[in-house]
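Engineer: no FASTA, just this:
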């Protein structure tokens, strides 16, 4: 054997990190993404009203990650961070409808050399296409206001992908459009508005209750989609050798969720099942981030994640019960510049250790604006309520101080800003320094980075072509 062949062979063995004769035992990897869903709005995460039997069953069969955080509370930055293992400013996609820097790689490029087929069914929100070379199985980017009739998730093609070659492992992303607005799918009659429990951070109005009813119906619809995927795995005899990770993505479009770095915007519900390897019915409070998922999948596939390539790191030891902790701190970023009806500039940066959430608003003198403040009937209904709580919620959504600090143990809904509390000065200072150091490492220059947001948005957005449907090549 030549020296060159010896080197190539050694690289392959190191990369795969499993005996070559046992390659078929590597698990399939399935990532199911819900769209615009607050982490508390799941039965197994404590919601008393919403029906999510398939997610709940998955949790009984696997592990709940109770401190999983997204890297951004907006669709495009979050997904591109998820698929690259890099936080948004570093990968270049910090505003919504954005693109990563040239040369940034993603999940397919990391798993394909390990022998995996890597596909995606459903929503796309990444650019350029060359940086995200998933085998595209079709689907749609949003419901676009259409009627509830018709499938928006091509699970028949997903089944074909999973069944194609029994000897080759696969990784599949199933990206549902639900429960992203418009809330037009599912059976809202299951959720009578007057019977619902209103979360404490929201103002109780008729419009809110009607919105919750439709929103919960879409959550149940998405839960049914997950159930169909799990049924396909059973039919194909692949259920026992497939790792399933279900994620809730950023918060809902109700106020104080999506587009914000409050806990309802960046805290994600996460459930993982791996029969025979993950202890059923267990929880982990380890602090993990969306940027950890690519390196985790890479290690699950038999690779050795190179720490220099990612901001995250594999939490496989947490899944296997070998470790109880992961990160000491995780981070998130939001940019309103460039979103529909967003503020000219309103940058938000956040850091949490799982107990304390520190938020820095880069433009506290500006008004926070987005689709909620533009024409949301729920937020508008709050302005008509004659109560101190309603007035404070309306004001706090658009006008925020430079610094916010919340105790997530005692105040999970982020209702009481403790930034000015003298006894917490040391804690506030530590989190501030951590955030500043992270921003420097990311190349995040604050206001200057926010002003560059529109330059990171491609002139042509492949996910919004006429008909908005992706076709399988």
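Structural biologist: Received it, and whenever you're ready, just let me know what you need. Just so it is clear, the structure is predicted and the values come from calculations on it, not from any experiment.
Engineer: the stretch 151-300 of the chain: strands as residue ranges?
Structural biologist: Under the criterion DSSP state E, counting those that start in this stretch, the stretch 151-300 of the chain carries strands at the ranges 170-175, 242-247, 267-273, 282-284, 288-289.
Engineer: mean confidence for the shortest one?
Structural biologist: For strand 288-289, the per-residue pLDDT values average out at 98.
Engineer: so which elements touch it?
Structural biologist: Packing partners of strand 288-289 (3 or more CB pairs under 8 Å, 6 or more residues apart in numbering; DSSP states H and E): strand 63-69, strand 330-335. All C-beta spots, glycine's among them, are computed from the backbone N, C-alpha and C.
Engineer: how about a cut-off of 10 Å?
Structural biologist: If contacts are counted by 3 or more CB pairs under 10 Å, 6 or more residues apart in numbering; DSSP states H and E, strand 288-289 sits against strand 63-69, strand 267-273, strand 330-335.
Engineer: tell me which of those sits nearest to residue 426.
Structural biologist: strand 330-335 (20.2 Å; CB to CB).
Engineer: got the angle for that closest one vs strand 63-69?
Structural biologist: Here strand 330-335 points in a direction 50 degrees away from that of strand 63-69 (axes from the mean of the first three to the mean of the last three CA atoms, to 10 degrees).
Engineer: after strand 330-335, which helix or strand is next? Please name it.
Structural biologist: Secondary structure here is assigned by DSSP states H and E; on that basis, the next helix or strand after strand 330-335 toward the C-terminus is strand 347-352.
Engineer: distance between the ends of stretch 366-382?
Structural biologist: Using CA to CA, to the nearest Å, the end-to-end distance of stretch 366-382 comes out at 21 Å.
Engineer: hey, which of the strands of the stretch 151-300 of the chain is tucked in deepest?
Structural biologist: Ranked by mean neighbour count under mean count of other CB atoms under 10 Å, the strands of the stretch 151-300 of the chain are led by strand 288-289, which reaches a mean of 28.
Engineer: adjacent strands (with direction) for that one?
Structural biologist: The strands that strand 288-289 pairs with in its sheet are strand 63-69 (parallel) (by DSSP bridges).
Engineer: turn the helices and strands packed on strand 288-289 into CSV, columns for distance to residue 428 and mean pLDDT.
Structural biologist: Compiled in CSV, the helices and strands packed on strand 288-289 are given as follows (distance: least, CB to CB, whole Å; pLDDT from 0 to 100):
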stretch, distance to residue 428, mean pLDDT
strand 63-69, 19, 98
strand 267-273, 20, 98
strand 330-335, 16, 97
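Engineer: distance to residue 230 added to those, as JSON lines?
Structural biologist: Conversion of those to JSON lines gives the following (distance: least, CB to CB, whole Å):
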{"stretch": "strand 63-69", "distance to residue 230": "16"}
{"stretch": "strand 267-273", "distance to residue 230": "9"}
{"stretch": "strand 330-335", "distance to residue 230": "29"}
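Engineer: what's the closest of the ones you listed to residue 87?
Structural biologist: Closest among the helices and strands packed on strand 288-289, using CB to CB: strand 330-335, at 6.4 Å.
Engineer: partner strands of the closest one, parallel or antiparallel?
Structural biologist: For strand 330-335, using DSSP bridges, the partner strands are strand 347-352 (antiparallel).
Engineer: pLDDT averaged over the helix or strand just after the strand it pairs with, what's the number?
Structural biologist: Using DSSP H and E, the helix or strand that follows strand 347-352 in sequence is strand 356-361. Here the mean pLDDT over strand 356-361 is 98, rounded to a whole number.
Engineer: repeat that for stretch 221-240.
Structural biologist: On average, the pLDDT along stretch 221-240 is 97.
Engineer: cool, stretch 87-103 as well?
Structural biologist: With pLDDT averaged residue by residue, stretch 87-103 scores 94.
Engineer: how far out from the middle of the chain is it?
Structural biologist: Centre-to-centre, stretch 87-103 and its host chain are 15 Å apart (CA atoms, centre = their mean, to the nearest Å).
Engineer: which of the residues in it are buried?
Structural biologist: Residues of stretch 87-103 classed as buried: 87-100 (neighbour count, 16 or more other CB atoms under 10 Å).
Engineer: can you get me the start-to-end distance on that stretch?
Structural biologist: This stretch, stretch 87-103, spans 15 Å end to end (CA to CA).
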